[in-house]
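> could you work out the structure for the sequence below:
(one chain, ligands or ions: 2)
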Amino acid sequence: MNDSRLHVWDVPTRLFHWTLMLLVVLQFASGEFGWLDLQWHLYTGYATLALLLFRVLWGLVGSDSARFASFLRGPMATWQYLRGGERVTCTHNPLGGWGVVLMLLLLLAIALTGLTSSDDIDVFGPLAAHLDDATVRSATRWHHRLTGVLPWLVALHVLAVLVHEWRGERLIAAMWHGRREGDGSAPRIASTALAVTVLMISALAVSLMLWMAGD
Ligand code: HEM
Ligand code: HEM
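Numbering: from 1, shown residues only. Ligands and ions are numbered 1, 2, ... in the order given. Predicted coordinates:
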C-alpha cells in the first residue's frame, strides 16, 4: 500500500517523549505523593536530567525535525500562525515550538534546583551537602514552586494537542509511529549511532557531576 505520510519524528525523539512522560509521573509519585521512596526520586531525577540534556543536544545536532532551528520562529511568524496562518513545516508549529522550549526550560530548572534540594531529614540532592542551609532551603522552595507550575503547563500542552486532534491532525499517533501528513520532502533523519553517542555523552555528564559531588 502506498503511504503518503512523511516520516517526521525519529525514534530518539519519540522515545524521549514517552520516557520523559513516564519519568515525570514517577517524579510526582515519589516527590509529591510518597508512593515511592524519596530516594527513588533522586535516581529517576538523574535519569530525567540526562534525558533533558540529551534532548537539548539532539535539538542542536539531531534529525532536522528535532532541531530547534527548524521549529523556532520569530515573533512575526508566530503571530501570523496565531492569526490563522497555515503550518509551514511538518515539525512543531511556531506556537508549539515555543511551548516545547518552555517545557524543556521548566523541566531543566526543576531538575537543577532538585540537585540542591533536601527534605531536611535524610534525603539530600547531591549538591545540597556542599551548600549552606539557607541556599538549600531557598533551592528547595524553588523546586516546589516550579513543580507546582509543571502540571498546568502539561495540561495546556495536552489540551493544545487535543484541539489539533479534534481538527483532524493526528499528532498523538505521529508522536507514536513517527509518520504524519505533510507536503514537501521528508526531513533528514539522523543515524541511530549518533543518537546513542549523544545519549551516552548526556549520561556521562550527569555521572561526572555526581562523581565530582562525591555522591
Ligand atoms: C508529563 C507529561 C508530558 C510532558 C512533560 C510532555 C512534553 C513534551 C515535549 C517536551 C514535547 C516536544 C517533543 C520534542 O520535540 O522532543 C512534546 C510533544 C508532544 N506531546 Fe507531550 N508531553 C507530555 C504528555 C503528553 C501526553 C499525555 C500526550 C498525548 C495526549 C502528548 C502528546 C504530544 C504530542 C502529540 C507531541 C508532538 C506535538 C507536535 O506535533 O507538535 N504529550 N511533549
Ligand atoms: C524534572 C524532574 C523533577 C520533577 C518533576 C520533580 C518533582 C518534585 C516534586 C513534585 C516534589 C514534591 C514537592 C512538594 O512537596 O511540593 C519534589 C521534591 C523533591 N525533589 Fe524533585 N523533581 C525533579 C527532579 C529532582 C532531582 C533531579 C532531584 C535531586 C537529584 C530532586 C530532589 C528532590 C528532593 C530532595 C525533594 C524533597 C524536598 C522536600 O521534601 O521538601 N528532584 N520533586
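> how about I110: what's its closest non-neighbour residue?
Excluding the flanking residues, the one nearest I110 by Cβ to Cβ, 6 or more residues apart in numbering is L146, at 4.8 Å. Just so you know, the C-beta spots here come from the backbone N, C-alpha and C atoms, and that holds for glycine as well.
> please tell me how far the one you found sits from ligand 1.
Note on L146: its distance to ligand 1, by Cβ to the nearest ligand atom, to the nearest Å, is 13 Å.
> and the next element down the chain from the helix or strand that residue falls within?
Assigned by DSSP states H and E, L146 belongs to helix 133-166. Using DSSP H and E, the helix or strand that follows helix 133-166 in sequence is helix 171-177.
> helices and strands around that following helix, which ones?
Taking 3 or more Cβ pairs under 8 Å, 6 or more residues apart in numbering; DSSP states H and E as contact, the helices and strands that helix 171-177 lies on are helix 11-31, helix 133-166, strand 179-180.
> let me know whether the first one sits next to ligand 1.
Yes - among the residues of helix 11-31, T13, F16, H17, L20, M21, V24 lie within reach of ligand 1 under Cβ under 6 Å from any ligand atom.
> what's the answer for the shortest one, then?
No - figure legend: strand 179-180 not in contact with ligand 1 (Cβ under 6 Å from any ligand atom); closest approach 7.4 Å.
> touching ligand 2 at all, the very next helix or strand once past that strand?
Per DSSP H and E, the first helix or strand lying C-terminal to strand 179-180 is helix 192-212. No - using Cβ under 6 Å from any ligand atom, helix 192-212 stays clear of ligand 2, coming no nearer than 8.9 Å.
> got the angle between helix 192-212 and helix 11-31?
Interaxial angle of helix 192-212 relative to helix 11-31 (axes from the mean of the first three to the mean of the last three Cα atoms, to 10 degrees): 30 degrees.
> quick one: V100 and ligand 2, what's the gap?
As judged by Cβ to the nearest ligand atom, V100 and ligand 2 stand 15 Å apart.
> no more questions from me, cheers.
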